[in-house]
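K.L.:
My questions concern the predicted model and sequence given below.
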Amino acid sequence: MCGIVGVISRNPVNQLIYDALLLLQHRGQDAAGIVTMLGTKCFMHKARGMVRDVFRTRNMRALPGSVGLGQVRYPTAGNAYSEEEAQPFYVNAPYGIVLVHNGNLTNAQALKAELFDVDRRHINTESDTEVLINVLAHELEQVALRSSGGSLPLTPDLVFKAVGAVHKRIKGSYAVIALIAGHGLLAFRDPYGIRPLCFGEGLNNEGQRDVMVASESVALDGTGHTLTRDVAPGEAIFIDLEGHIHARQCAEHPTLNPCIFEYVYLARPDSVMDGVSVYHARLNLGETLAQRVINAMPPTDIDVVIPIPESSRPSAMQLAHRIGKPYREGFVKNRYVGRTFIMPGQGVRKKSVRQKLNAIGMEFKGRNVMLVDDSIVRGTTSKEIVQMAREAGARKVYMASAAPPVRFPNVYGIDMPTKEELIAHGRSVEEIRQYIGADALIYQDVDAMKRVVAALNPKIKTFEASCFDGTYITGDVTAEDFATMQAQRKLQFDEEDSSRSRLALQGEEAPR
Ligand SMILES: O=P(O)(O)OC[C@H]1O[C@H](OP(=O)(O)OP(=O)(O)O)[C@H](O)[C@@H]1O
Ligand SMILES: NC(=O)CC[C@H](N)C(=O)O
Ligand SMILES: [Mg+2]
């Protein structure tokens with residue numbers, strides 16, 4: 001996941017995009033970027049780091065124009081430390097296109113070769129987003145050329161035809177926002193609806209209408225926009241420079257299969273995604289988890305329920321309510337340390353858990369505590385936290401996870417490319433319990449998880465839940481694709497690790 005936003009307005013959009021990116025910061029902490037457009041000229045600033053560090057006043061001043069887009073990046077392809085791979089990406093032909101992407105292409109390497117050999121386009125980074133923008137550029141060029149040799153204006157109809165052709169070539173997950181210079185803002189979502197995308201409208205200070213497209217509704221709410229609806233799977237929305245919204249279904253067989261991990265962990269609880277309140281989904285997960293706890297042990301064995309901040313709070317609260325035990329805040333989160341799961345590299349993640357969370361002794365001393373987390377992925381957080389609870393004087397430390405065991409790699413935009421890194425891969429629940437050092441470990445059930453989230457929107461029949469059930473919803477990820485993606489990520493990790501070690505030897509901090 002990454003956070004993406006695009007705006008068409010009649011007033012400058014630099015501050016509006018900045019504010020929206022801050023609201024999407026939880027979706028990517030590694031790099032941030034904004035492009036604005038004045039006339040047909042694009043202005044770009046992007047760099048590694050969090051939004052507040054990337055944009056200084058001088059950078060904001062250099063982003064004029066009333067149309068623009070932005071991204072916060074959580075890398076799932078290519079190199080986390082490369083500034084070049086920060087988004088937006090730009091190509092100069094046709095028209096001049098800038099693009100931001102949330103998701104992960106599963107056929108990026110094959111497309112890269114095809115773009116070079118057949119379309120005569122060179123890809124200069126390891127980013128799948130650079131592949132995506134080049135496929136879109138090529139297809140736009142083709143539809144423009146086919147319509148009277150490119151002499152006619154680029155109409156929404158032609159843009160939609162190009163998106164239809166893009167859907168046929170690229171595989172995997174993608175929510176995309178692109179600016180076509182001199183024409184407008186294009187947004188589209190993959191035919192499986194894996195990654196989220198929504199749009200809405202608002203009135204600016206002069207009473208004029210803005211249109212905003214974003215990954216999560218929280219970006220619209222927080223900037224004074226009203227959610228119109230989600231972009232449908234396979235659908236494209238084209239907003240022309242007058243602010244008129246054109247929409248068309250561009251995929252042949254679209255189906256809605258939102259990534260269930262968005263509801264578990266990725267999204268902000270105050271967002272509504274594909275008609276489901278993320279907060280409500282987490283309450284429901286806490287409710288069914290409570291039933292699993294009751295089945296596993298008498299609640300009288302538990303003195304207190306303690307969440308592992310931040311994302312597990314709604315589930316832990318509901319669990320406590322359901323089993324009739326007090327909910328207490330036993331860990332304080334340092335608000336200046338980001339989300340550990342989306343940090344690149346296991347070393348930095350591990351160090352960050354202790355920097356981020358600290359125990360309040362009185363909530364643990366002599367008590368049997370039930371710790372609740374939203375998910376256990378690599379086990380980095382739970383192993384440290386169980387130990388911290390013991391150090392704080394807990395008598396028994398039980399652990400419950402609002403998500404089922406994460407046993408399979410993800411190829412659709414969550415950075416867990418290899419099964420070996422997952423604590424639940426090849427281990428029984430009892431073995432995981434021993435590894436994290438808890439006195440009991442209770443997991444959510446896969447079917448119950450799907451059932452209680454789907455209950456909030458009857459239109460959702462299936463989820464992309466591959467990391468829990470091993471079913472890859474696009475159905476076209478071959479063993480070779482897996483191997484290519486894993487090898488490519490491993491190569492990046494090795495390069496990143498060796499550059500970290502080199503810097504450490506020189507007594508310098510590795511870039512973060
Ligand atoms: O088993 P692990 O590999 O440690 O991953 C799972 C943990 O990582 C996430 O927390 P994170 O600190 O990223 O974010 P949060 O503050 O939103 O909970 C998640 O909420 C779990 O606590
Ligand atoms: N998490 C994402 O959406 C990542 C987008 C893209 N695959 C990148 O690595 O930059
Ligand atoms: Mg957490």
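P.N.:
Yep, it's here. Numbers count the residues shown, from 1 in each chain. Ligands and ions are numbered 1, 2, ... in the order given.
K.L.:
And the residue of the stretch 401-512 of the chain that's closest to ligand 1?
P.N.:
Nearest residue of the stretch 401-512 of the chain to ligand 1, counting by C-beta to the nearest ligand atom: Ile423, 6.5 Å away. C-beta coordinates here come from the backbone N, C-alpha and C atoms, glycine included.
K.L.:
now that residue, what's its secondary structure?
P.N.:
On the three-state scheme (DSSP: H, G, I helix; E, B strand; the rest coil), Ile423 is labelled coil.
K.L.:
So it sits against Val377, correct?
P.N.:
Yes: in this structure, Ile423 is within contact of Val377 by C-beta atoms under 8 Å, at 7.1 Å.
K.L.:
between the two, which one's more packed in?
P.N.:
The residue with more neighbours, out of Ile423 and Val377, is Val377; 26 against 20, by other C-beta atoms under 10 Å.
K.L.:
Secondary structure element holding that one?
P.N.:
Under DSSP states H and E, no helix or strand contains Val377.
K.L.:
Distance check, Arg339 against Ser315.
P.N.:
17 Å (C-beta to C-beta, to the nearest Å).
K.L.:
Compare the two (neighbour count), which wins?
P.N.:
Using other C-beta under 10 Å, the more surrounded residue of Arg339 and Ser315 is Ser315, with 30 against 19.
K.L.:
Per-residue pLDDT of the residue of the stretch 401-512 of the chain closest to ligand 1, please?
P.N.:
Per-residue confidence at Ile423 stands at 96 (pLDDT).
K.L.:
coming back round to it: what sits in contact with each of Ile423 and Val377?
P.N.:
Common neighbours of Ile423 and Val377 (criterion: C-beta atoms under 8 Å, 6 or more residues apart in numbering): Val406.
K.L.:
Am I right that Leu21 falls within a helix?
P.N.:
Yes: checked against three-state DSSP, Leu21 lies within a helix.
K.L.:
got any ranges where this protein has weak pLDDT?
P.N.:
Applying pLDDT under 70 to the chain flags residues 150, 346-348, 350, 490-512.
K.L.:
near ligand 1, which residues of it?
P.N.:
Those residues of the chain that sit near ligand 1, judged by C-beta under 6 Å from any ligand atom, are 265, 308-311, 339-342, 373-382.
K.L.:
mind listing which of those are in helices?
P.N.:
Cross-referencing the residues of the chain next to ligand 1 against helices under DSSP state H gives 380-382.
K.L.:
and the residue of the stretch 151-300 of the chain nearest ligand 1?
P.N.:
Of all residues in the stretch 151-300 of the chain, the one sitting closest to ligand 1 is Tyr265 (5.2 Å; C-beta to the nearest ligand atom).
K.L.:
could you measure the residue in the chain that ligand 2 sits nearest to against Gly70, distance?
P.N.:
Residue of the chain nearest ligand 2, by C-beta to the nearest ligand atom: Cys2 (3.6 Å). As for Cys2, its distance to Gly70 is 10 Å (criterion: C-beta to C-beta).
K.L.:
What of Asp374?
P.N.:
27 Å.
K.L.:
more crowded one of the two?
P.N.:
Of the pair Asp374 and Gly70, Gly70 is the one with more neighbours under other C-beta under 10 Å, namely 33 against 28.
K.L.:
Could you tell me the phi and psi values at the closest residue to Met60 other than its chain neighbours?
P.N.:
Setting aside the residues directly before and after it, Met60 is nearest to Asn14 in space (C-beta to C-beta, 6 or more residues apart in numbering), at 5.3 Å. The phi/psi pair for Asn14 (degrees, to the nearest 10) reads phi -60, psi -50.
K.L.:
Asn14 is in contact with Gly70, isn't it?
P.N.:
No: with contact taken as C-beta under 8 Å, Asn14 and Gly70 are classed as non-touching, separated by 9.3 Å.
K.L.:
intersection of neighbour lists for the two?
P.N.:
Ile34.
K.L.:
end-to-end on stretch 442-456?
P.N.:
24 Å (C-alpha to C-alpha, to the nearest Å).
K.L.:
do the same with stretch 48-55
P.N.:
Start-to-end, stretch 48-55 (C-alpha to C-alpha) is 11 Å.
K.L.:
residues contacting His246?
P.N.:
Residues in contact with His246 (C-beta under 8 Å, 6+ apart) are 156, 160, 237-240.
K.L.:
For burial, what's the neighbour tally of Phe89?
P.N.:
Phe89: 26 surrounding residues under other C-beta under 10 Å.
K.L.:
ok, now His244?
P.N.:
His244 is flanked by 12 other residues according to other C-beta under 10 Å.
K.L.:
do you know how far it is from Gly182?
P.N.:
According to C-beta to C-beta, His244 stands 15 Å off from Gly182.
K.L.:
Would you check that Leu63 makes contact with Met37?
P.N.:
No: judged on C-beta under 8 Å, Leu63 makes no contact with Met37 at a distance of 9.7 Å.
K.L.:
Which one's more surrounded, those two?
P.N.:
Met37 (28 against 24).
K.L.:
Shouldn't the more buried one be within a helix?
P.N.:
No: Met37 sits outside any helix when classified using three-state DSSP, being strand.
K.L.:
who touches it in this structure?
P.N.:
Contacts for Met37 (C-beta under 8 Å, 6+ apart) come out as 43, 65, 67-68, 98, 179, 181.
K.L.:
Quickly list what it is bridged to.
P.N.:
Beta bridges link Met37 to Cys42, Val67, judged by DSSP bridges.
K.L.:
Could you do the one 10 residues further on as well?
P.N.:
The residues listed as beta-bridge partners of Ala47 by DSSP bridges are Ala32.
K.L.:
That one reaches Val54, doesn't it?
P.N.:
Yes: applying C-beta under 8 Å, one finds Ala47 in contact with Val54, separated by 4.7 Å.
K.L.:
okay, now Asp445: neighbour count?
P.N.:
Neighbour count of Asp445, defined by other C-beta under 10 Å: 14.
K.L.:
quick one, phi psi at it?
P.N.:
phi -100, psi 140.
K.L.:
what is in contact with Leu63 and Met37 at once?
P.N.:
Phe43.
K.L.:
contacting residues for the residue of the stretch 401-512 of the chain closest to ligand 1?
P.N.:
Ile423 makes contacts with 376-379, 406, 432, 435-436, as judged by C-beta under 8 Å, 6+ apart.
K.L.:
rerun at 7 Å
P.N.:
Counting by C-beta atoms under 7 Å, 6 or more residues apart in numbering, Ile423 touches 376, 378-379, 432, 435.
K.L.:
and Met60, how far is that from Gly224?
P.N.:
Separation of Met60 from Gly224 (C-beta to C-beta): 19 Å.
K.L.:
Check Gln355 too.
P.N.:
Distance, Gln355 to Gly224, by C-beta to C-beta: 35 Å.
K.L.:
Just to confirm, which residue in the protein is farthest away from the center?
P.N.:
Within the chain, the residue lying farthest from the chain centre (C-alpha atoms, centre = their mean) is Ser148, at 40.3 Å.
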